[in-house]
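1. Give me the fold of what follows.
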Amino acid sequence: MLNYEKLGFKCGIEAHQQIEGLKLFCSCPTINSTKEPDIKIERRLRAVAGETGEIDIAARHEMAKGKYFIYEGNSEDVCNVEYDSEPPHSINQNALDVALEVALLLKAKIVDVIQVMRKTVIDGSNTGGFQRTALVAMDGYIETSKGKVSIPTICLEEEAAQKIEETKEYTKFRLDRLGIPLIEIGTGTEIKNPEHAKEVASILGMMLRSTGKVKRGLGTIRQDVNISIAKGARTEIKGFQELKSIPKVIEYEVERQLNETKQNKKIEQTVRKAEPNLTTSFLRPMPGAARMYPETDIPVIKITKERIEEIRKKLPKLLTEKEKDFEKKYKINNELAKELISHEKFEDYIGKFKNIEPQQIANILINIPKEIKTRFDVNTASLTDENFEEVLRYLNEGKIAKEAVIELLTEAAKGKKVDISKFKTISLGNLEEEIKEIISQKPGLTIGAYMGLAMAKYRGKVDGKKVMEILKKFVK
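-> Sure, this is the predicted structure:
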C-alpha cells in the first residue's frame, strides 16, 4: 500500500454544480432540451492574449489542432447569447443568491464587488472562445474525518456546451447546456489520500444539495481533481461523475507518476481525462494566468451586507442534520433517512395518510421498489408519485392490507392500471370464523404453520398482524 504522506502527496478538488432555473446571462431555461436541433452553426476559434499580454499555453495547444466546430441547439432553450451573436444580459440574480448561500454554508468570506472575467477556452466548448466566470467568495472550509479542508475559492460561472461528436477535422457540440449557471468550489491541498478525496467530494455534494436549488442527475455535478507527488508534477484530472471512481483514478495517477520518475522522465504539468477503466489520458498542457481578462460587457456587481444577511437568515439545514431529524422523529434507520430526505413527498404523505405509520410509508417509498426489482426483475423507474399516492390512499382507507402493496406497485411498474378488486379486505368477524375453520381442518399444527396457511389464502386481503392476533386466541 502506498504511503501518501511519504510520497509528498498533495490533492485538491474542484466541484462544479449546475443550478436550477434560468441560464446565467440570458432568460433561457436550464432544461437541457432533447428536441431535435432547429439551429446549426459552424465556427473556427482563435486564442487571444489575456491580462498578461500573453496567449495561454493550453489555448495555443488547442488552436494548433486547426479544427472547426459545429454547434446545434433547439430554440426552446438556446438564444443569440449562446450563439455569441448578442451581448450577455445582466447576471442571473437568483443564481448569484444560490452561490452566496453556498458560500455562507461553507463559512467563506464573500467579496465586496464581483467582477465577471473571461477565461480563454478554445476547445470549442464555448462559442465565443471564452468562459465567463466570477469570484464570489474566499477562505471557507469544511470539517472532515481528517480535519478541516480549506475552500480558497467559490466561483459562479457558465456551463460549457456538451460535446456529442469528435473527428480530426471538427468537433460537434450541443448548445442546450451552454450558459447554465455553475457553482465552482475549489478546495485546498489538505486532502490526505484517495479515500479522503472521495469523502471531501461527498461532503461538498451534500452541502450543495442541501440548498434544494441545484440540478440533480447524471452530469449535473462534476469533480476535477488536482494531484501531485514530491517528485512528480501537478496534474488536473477532469471528468469524474461518480464518487466511487475518485480513489481508483487517483491511485492510478500516482502510480503513473511514480513509474515515470523511476524511468527518470520529466513529468510536465498537464490536464488529463478520467477514463471509464479508471486510468487517465492526456488532454492538454496545464493552463495558466494568461487566459484570464475582464468581461467588459457586464458591469461589476456590489454585494451589500443587507443582501448577505437576508440570505443568512434563510440558510437551509444541511442534509446530514435533516437525516438525524428524520431518524429521531420517525424512528427510522440512517440508511433509510438518507434516501428519504431527498423524497419530496414523504412528509406530505405522513400528513395526508394518518392511519399509516411513518415507518411503513418510508418502507413503501424506498424499500418496496427495490424488492420489486430484485424479486420480479421489474424496472420501477416508471413508478410515479400518483402511483404511490393511490396505493397509500387505499391502504389508509383500509381497502387493502399492507401485503397487497408490493403486488399493486408491481402492476403499476408494468404499466397496468391499479386494480384492488382481488385484494378486497374481509371483515374481522368473517376472518376469525375462517381461521377457526382452517384450524379445525388441520388440527395439531404449530401457530407458524397455521399462519402460513392463512396468509397463503388471504395474502393481500388481510393484515398479517391481525391474523396472528386471532391465531393466538385459538392456538396455545
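2. for the residue at minimal distance from the centre of the chain, phi and psi?
-> Nearest to the mean C-alpha position of the chain, by C-alpha atoms, centre = their mean, lies Arg216 at 4.6 Å. Dihedral pair for Arg216: phi -120, psi 160, per degrees, to the nearest 10.
3. now it, nearest residue through space, not along the chain?
-> Leaving aside its sequence neighbours, Arg216 sits nearest to Arg209 (C-beta to C-beta, 6 or more residues apart in numbering; 7.5 Å). Every residue, glycine included, has its C-beta placed from N, CA and C.
4. The strand ranked longest in the chain - contacts with which helices or strands?
-> Ranked by number of residues, the top strand in the chain under DSSP state E is strand 130-144. Strand 130-144 sits against helix 93-105, strand 109-110, strand 113-114, strand 116-120, strand 147-158, helix 194-210, with contacts defined as 3 or more C-beta pairs under 8 Å, 6 or more residues apart in numbering; DSSP states H and E.
5. List the buried residues of it.
-> 130-138, 140-142, 144 (16 or more other C-beta atoms under 10 Å).
6. Show me which of the residues you listed is closest to Val467.
-> Thr144 (50.2 Å; C-beta to C-beta).
7. circling back: as a markdown table, the buried residues of strand 130-144 with pLDDT and distance to Lys168 would be great.
-> As requested, the buried residues of strand 130-144 are exported to a markdown table (pLDDT from 0 to 100; distance: C-beta to C-beta, whole Å):
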| residue | pLDDT | distance to Lys168 |
| --- | --- | --- |
| Phe130 | 91 | 24 |
| Gln131 | 94 | 25 |
| Arg132 | 96 | 30 |
| Thr133 | 96 | 30 |
| Ala134 | 97 | 35 |
| Leu135 | 97 | 37 |
| Val136 | 98 | 39 |
| Ala137 | 98 | 42 |
| Met138 | 98 | 42 |
| Gly140 | 98 | 43 |
| Tyr141 | 98 | 45 |
| Ile142 | 98 | 43 |
| Thr144 | 97 | 44 |
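8. Poorly predicted segments of the stretch 151-300 of the chain, please.
-> 288-290 (pLDDT under 70).
9. now the strands for it?
-> For the stretch 151-300 of the chain, the strands defined by DSSP state E, counting those that start in this stretch occupy 162-166, 170-174, 181-186, 221-228, 235-240, 270-274, 280-285, 292-294.
10. Quick check: which of those is buried the most?
-> Ranked by mean neighbour count, those are led by strand 181-186 with a mean of 24 (mean count of other C-beta atoms under 10 Å).
11. among the strands of the stretch 151-300 of the chain, which is nearest Gln441?
-> Of the strands of the stretch 151-300 of the chain, the one closest to Gln441 (C-beta to C-beta) turns out to be strand 221-228, at 61.2 Å.
12. Note down every partner strand of the closest one and its orientation.
-> As defined by DSSP bridges, the strand partners of strand 221-228 come to strand 10-18 (antiparallel), strand 235-240 (antiparallel).
13. taking the mean pLDDT, what do you get for the first one?
-> By that I understand strand 10-18. Averaging pLDDT along strand 10-18 gives 97.
14. tilt between the helix or strand just after it and strand 170-174?
-> Next helix or strand after strand 10-18 toward the C-terminus (DSSP states H and E): strand 39-43. Inter-element angle recorded for strand 39-43 and strand 170-174: 140 degrees (by axes from the mean of the first three to the mean of the last three C-alpha atoms, to 10 degrees).
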